[in-house]
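S.K.: I need the structure of the sequence given here:
(chains A and B)
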There are 2 protein chains.
Amino acid sequence: MQDQQIRVVFEPHGRAVFVLPGTKIIEAAARAGLTVETPCGGQGTCGKCRVQITQGACEPCKPAREIFDERQLAEGWRLACQAAICDTAVVHIPQGSLFAGRHQILAERQAGAAEEVQPAVRKVYVELPAATLQDSAADLQRLAAATGELKADLSLLRRLPELLRAADFKGTAVLTDRRLIDFEAGDTSSQCYGVAFDVGTTTVVGSLLDLCSGEELALAARMNPQVSFGDDVLSRIKHTSEAPAKLAEMNHTIIRAVEEMIDTMCAEAKIQRKCIYEVAFSGNTTMEHLLCGLDPAQLGQVPFVPVHARGLIVPAAELGIAIHPRGAAYIFPVIGGFVGGDTVAGMLATRLDEQDGAVLMVDIGTNGEIVLAYDGKILAASTAAGPAFEGARISCGMRATTGAIEKVLLKDGVHCSVIGNADPVGLCGSALVDVAADLLRQGIVSPTGRLLKPDDLPDSLPDALRDRVFLDEQGQPEFLLAGGAPGKNQPRLSIKQRDIRELQLATGAIRAGISILLRQAGVRTADLQRVLIAGGFGSFIRRSNAQRIGLLPAEVDHQKILYVGNASLNGAKWALLSTAARKQAEQLARKAEHVQLSNDPQFQTEFAEAMIFPEK
Amino acid sequence: MQDQQIRVVFEPHGRAVFVLPGTKIIEAAARAGLTVETPCGGQGTCGKCRVQITQGACEPCKPAREIFDERQLAEGWRLACQAAICDTAVVHIPQGSLFAGRHQILAERQAGAAEEVQPAVRKVYVELPAATLQDSAADLQRLAAATGELKADLSLLRRLPELLRAADFKGTAVLTDRRLIDFEAGDTSSQCYGVAFDVGTTTVVGSLLDLCSGEELALAARMNPQVSFGDDVLSRIKHTSEAPAKLAEMNHTIIRAVEEMIDTMCAEAKIQRKCIYEVAFSGNTTMEHLLCGLDPAQLGQVPFVPVHARGLIVPAAELGIAIHPRGAAYIFPVIGGFVGGDTVAGMLATRLDEQDGAVLMVDIGTNGEIVLAYDGKILAASTAAGPAFEGARISCGMRATTGAIEKVLLKDGVHCSVIGNADPVGLCGSALVDVAADLLRQGIVSPTGRLLKPDDLPDSLPDALRDRVFLDEQGQPEFLLAGGAPGKNQPRLSIKQRDIRELQLATGAIRAGISILLRQAGVRTADLQRVLIAGGFGSFIRRSNAQRIGLLPAEVDHQKILYVGNASLNGAKWALLSTAARKQAEQLARKAEHVQLSNDPQFQTEFAEAMIFPEK
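M.R.: Numbers count the residues shown, from 1 in each chain, chains lettered A, B, ... in the order given. Here you go, the predicted structure:
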């Protein structure tokens, strides 16, 4: 049984998502990568999460009636933490209602504000006086008199006299830092672009930005083509070590993808490549190494030593990326072999060290990165969750693409939402969390993770669910999610015992990491002021379900759990837009203490305990 | 008649020169590029110019007897301003007797002292601790922990893990500034070399230096092969403008010469090219442009605008110079289109701005560069002297190479000294100055520059000289210097009227420049504390003769006129040996005010006046 999904568009960001009826607006917004503020913990009392539903507004609930007057209610004003989606809707989120992480400010900036935009690339239109015997300053110094002290590469100095004179000394100096990288005839100061990339092990996302306004002009996402050399970082490291040419091959593979994505985004935004002056990359340590052609061999063995940990600024051409010929590439600093630039970018985007109280950031993926900020300190760790959340090693698992069940509700039956509104062909990680949580709630799975046989099921179980528990050919129980109806050519999608075990391993790894960081920091779980869920996968899990299976600590009020979207990409955007952000990224990376979880004497115990689902 | 020349070796510098008998030691030392201090003006009273003649000492003169005791005199101690060379000699110059310009300190350094050596290139031997789970810092940061904060190019980062591990983490970090350019296995910290070049329009001189000790390991000099495209800078600028490929051709020509000279010096010093980490270049503005492949077109037309005026640091590889693959090239800042990096280097080498009182530096050549330092200010100008001093446009003129008469004395006859002790084939600039001065003294040439006909010669003239004045086929007088004896196959070398006119033009240009700078500065000629003669040609002129023909002001005590040798090369050496010197060069270049002589309303008048030889 597949439920109808409803389209919701968020303004002014223009982002659209599909959700099940009854989904709270705050959750739908999170799915769109927009985090709404809920200081009261989603109690509907503070009124901070106000949004205006300009189309498809549902009936106002009681807390909204107390906060808004009749006219406002008629205009569609609602509380995002209370109001649910009941129909196709357009929701306007005011700036003041957004979580004050940098990713949000970026969103605001896209809507207009631009105070913090101070990119490394600067364009200055100048009209220079002609040289005379009284003022025979050198070409570069004549320009510098108008722009401030300058340096220039030989390659540009060799062309400078011609460029200046062809433009009749009226043109636009293109500067990165104090380096002149070009002189363009006429006033081109409004044409200044950059591309930010989040290079994930599985997915690469790029964003073409207008560096003047901060506006996002195009977005592109691709599967990282390196997956053909292995799903996880270790298999790719192993591949590069097989022969000297393999590293180059791996490097070219990602560079080609980046190049193709730049092509696509330029075409979409109708922008010439040479007007892109900078590219910023965040990625995990291995991805950044492979991007730069740095040997990742040491990242594949204890003690996981990177070649380089600071932020890098290199000529984009040296990476094989054809933007402006003297354009630069910025690559994020890393914290350690397994806590990379993507985590640093996430810390930057969420202003992690500026939040009040203890804040936890978790990026759930094949490698789970966990960062705890408290008392001016930062602890960072990574934990090998394995690929269960990506749908791998799950009997009917798949990535979160078209045809994947991405949300499941077990109640009086099985309600599924499928990506792309297609027929289901498998289930992805977020749905696995949903299923596991509801199987626990319904008593079909025990806290130890045992999937009960039909005879052991609790009496209270609705028949619609009871009828879905079968014994397979080996006599093992399985829970049928979808398909399997006689006569229909649909795949039989079911959850098996070993799927639950895989999920327990993945969940346990993340949860043990969280526990160890909290213990080392002396922070009680209940004292966490926020838990920020970053990353593509994280944005799609249901907080209450993640808490039910123990992936996230149950002691934290689930309204304190915020989705921060692709914080890595947002951080990379920030690095493009602000040199101050780069400095801050460097400081964050250095400030963060890298905790090697496996070094902790209690790691095994914590891990074993975390694998058990919470009792209730 | 050709006089026998005597070899003199100066210690501890090991430099040898050939001089005529009776040459003062102070002059012979100047010919060897060593300037002896003479605070008393060469009166033999201060005793500051003491030297020890360890072989070939002449009889002590009276001032020496007053200053030294018997034992010292027996040991060969003499006053350089008084003692003359009478026989093959070895002269030891103590450090305290040398002029305290940087070129001298460099000479001293070659003999041992090394306090001021702080090159941009630094080698640090390190033994790094192995990485552990507790200390899993990145490779570059592990190294930086031992050397201080570091950056590295991608090209090196790509090799760093292998370099560190092949060396078992024991090796030598090669740094330029805060940039790591290599990591060499084992302790190579004593193998650190650089090459300084003075790129002249006519001559290129290179010096291979040990950057640890400052010692000069090899020296090479070549004719600038660009002379095949024209003798002077303007004809070369014109050549490059003929077609786009011509600039590249001109550039490759000098780069090939530099490369060949590095080869030769490396072979001589038995040093590998990859152990040369930096190259420094000083040259006039056009030579520096051609070296860097910068378009000199604007230097060939009013108002003579360079592309770039600041010091440049570029990858040597980008210039096509194959030293260490990540080695750098430093190119001196320039003051203007015709006052170049060679002048700045000279100012640096002579510590021009640190001298007491008003000091004039003159580099006499095809372009005469004139710098006046006074009251903390610096004025700099260049003047087109023409090629007379290089021997061009003189009927029997030639460059100062083997066979050139380089010194002439007219007394009871003609005494000539010939370079290489060969038969004379022409005369070079320094001899032209000698001849003109003595022709003036003898009354053979009038102050207006007229060469008298035999009938007009003064009665007092010795017959040996009178017999050398002839009328040529056009009825013009000429003075026979050498050759012309019947039966002997020797070229007839004579001075003609038009040679005197060429010299007047050249002399007038320099002298007018000096006058204008002095007038603009409000400095009286007599107040000049020193006149420093720089450059290859200047080192070989006789001060009194230069004063006699008005090339240098007669009002300056000729003992205040000092030869500072190839100050441009010495400055380039300094730039290799000291980053502080580079900063100072930049400051000097910016501090210097570029005076366009042709802009001065009195330039024509001054020039016309300066062409007349002084009366006495």
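S.K.: how about A:Ser235, nearest residue that isn't a chain neighbour?
M.R.: Once flanking residues are discounted, A:Ser235 sits nearest to A:Phe229: 7.1 Å by C-beta to C-beta, 6 or more residues apart in numbering or on different chains. For every residue, glycine as well, the C-beta is placed using N, CA and C.
S.K.: these two touch, right, the one you found and A:Thr253?
M.R.: Yes. A:Phe229 lies in contact with A:Thr253 (C-beta atoms under 8 Å); the separation is 7.5 Å.
S.K.: residues near the residue nearest to A:Ala130 when sequence neighbours are not counted, how many?
M.R.: Of all residues not flanking A:Ala130 in the chain, A:Phe169 sits nearest, at 6.7 Å (C-beta to C-beta, 6+ apart). A:Phe169 is flanked by 19 other residues according to other C-beta atoms under 10 Å in any protein chain shown.
S.K.: with the one 3 residues further on instead?
M.R.: Summarising burial for A:Thr172: neighbours were counted as other C-beta under 10 Å, giving 21.
S.K.: near chain B at all, the helix or strand harbouring it?
M.R.: Assessed by DSSP states H and E, A:Thr172 sits inside strand A:170-176. No. Applying C-beta under 8 Å from any C-beta of the partner chain, one finds strand A:170-176 out of contact with chain B, separated by at least 14.7 Å.
S.K.: partners of that strand in the sheet?
M.R.: strand A:121-127 (antiparallel), strand A:179-185 (antiparallel) (DSSP bridges).
S.K.: packing partners for the very next helix or strand once past the first one?
M.R.: Beyond strand A:121-127 on the C-terminal side, the first helix or strand identified by DSSP H and E is helix A:139-147. For helix A:139-147, the elements it packs on are strand A:121-127, helix A:160-166, strand A:170-176, strand A:179-185, judged by 3 or more C-beta pairs under 8 Å, 6 or more residues apart in numbering or on different chains; DSSP states H and E.
S.K.: circling back to that earlier point, A:Asp139 is in contact with the residue nearest to A:Ala130, correct?
M.R.: No. The pair A:Phe169 / A:Asp139 is not scored as a contact, 9.3 Å apart, by C-beta under 8 Å.
S.K.: hang on, the earlier thing: and the strand holding A:Thr172 with helix A:139-147, angle?
M.R.: Going by axes from the mean of the first three to the mean of the last three C-alpha atoms, to 10 degrees, strand A:170-176 is angled at 90 degrees with respect to helix A:139-147.
S.K.: show residues contacting stretch A:507-520.
M.R.: A:360, A:362, A:364, A:368, A:370, A:372, A:379, A:381-386, A:524-525, A:528, A:549-553, A:595, A:597, A:600, A:602-603, A:606-611 (C-beta atoms under 8 Å, 6 or more residues apart in numbering or on different chains).
S.K.: so who does the residue of chain A positioned farthest from its centre touch?
M.R.: The centre of chain A is farthest from one residue, A:Leu133, which by C-alpha atoms, centre = their mean lies 58.7 Å away. Contacts of A:Leu133 were listed using C-beta under 8 Å, 6+ apart, and they are B:Val302, B:Pro303, B:Gln596, B:Ser598, B:Asn599.
S.K.: just give me the neighbour total for the fourth one.
M.R.: So that's B:Ser598. Neighbour count of B:Ser598, defined by other C-beta under 10 Å: 14.
S.K.: tell me the pLDDT at it?
M.R.: B:Ser598 is assigned 83 on the pLDDT scale.
S.K.: tell me who's in contact with it.
M.R.: B:Ser598 makes contact with A:Leu133 under the criterion C-beta under 8 Å, 6+ apart.
S.K.: do the same with the last one
M.R.: Residues counted as contacts of B:Asn599 (C-beta under 8 Å, 6+ apart) are A:Leu133, A:Gln134.
S.K.: before we move on, back to that, in the strand holding A:Thr172, which residues are buried?
M.R.: Across strand A:170-176, burial judged by 16 or more other C-beta atoms under 10 Å in any protein chain shown covers A:Gly171, A:Thr172, A:Ala173, A:Val174, A:Leu175, A:Thr176.
S.K.: closest to chain B among these?
M.R.: Nearest to chain B among these is A:Ala173, at 14.7 Å by C-beta to the nearest C-beta.
S.K.: my understanding was that that closest one contacts A:Leu180; is that so?
M.R.: Yes. Contact criterion C-beta under 8 Å: A:Ala173 and A:Leu180 qualify, at 5.9 Å.
S.K.: mutual contacts of the two, please.
M.R.: With C-beta under 8 Å, 6+ apart as the test, A:Ala173 and A:Leu180 both reach A:Leu143, A:Thr147, A:Leu150.
S.K.: what parts of the stretch 101-250 of chain A come near chain B?
M.R.: Going by C-beta under 8 Å from any C-beta, the residues of the stretch 101-250 of chain A near chain B are A:131-142, A:151-155, A:157-158, A:160-162.
S.K.: any chance of a ChimeraX selection covering the buried ones in those residues?
M.R.: Per 16+ other C-beta under 10 Å, the buried members of these correspond to this ChimeraX selection:
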select /A:131,136,137,138,139,140,141,142,151,152,153,154,157,158,160,161
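S.K.: and the strands in the stretch 401-550 of chain A?
M.R.: Assigned by DSSP state E, counting those that start in this stretch, the stretch 401-550 of chain A shows strands spanning A:404-410, A:414-418, A:426-427, A:469-471, A:477-482, A:493-496, A:528-534.
S.K.: which of those has the highest mean neighbour count?
M.R.: Most buried of these, by mean neighbour count (mean count of other C-beta atoms under 10 Å in any protein chain shown): strand A:426-427, with a mean of 26.
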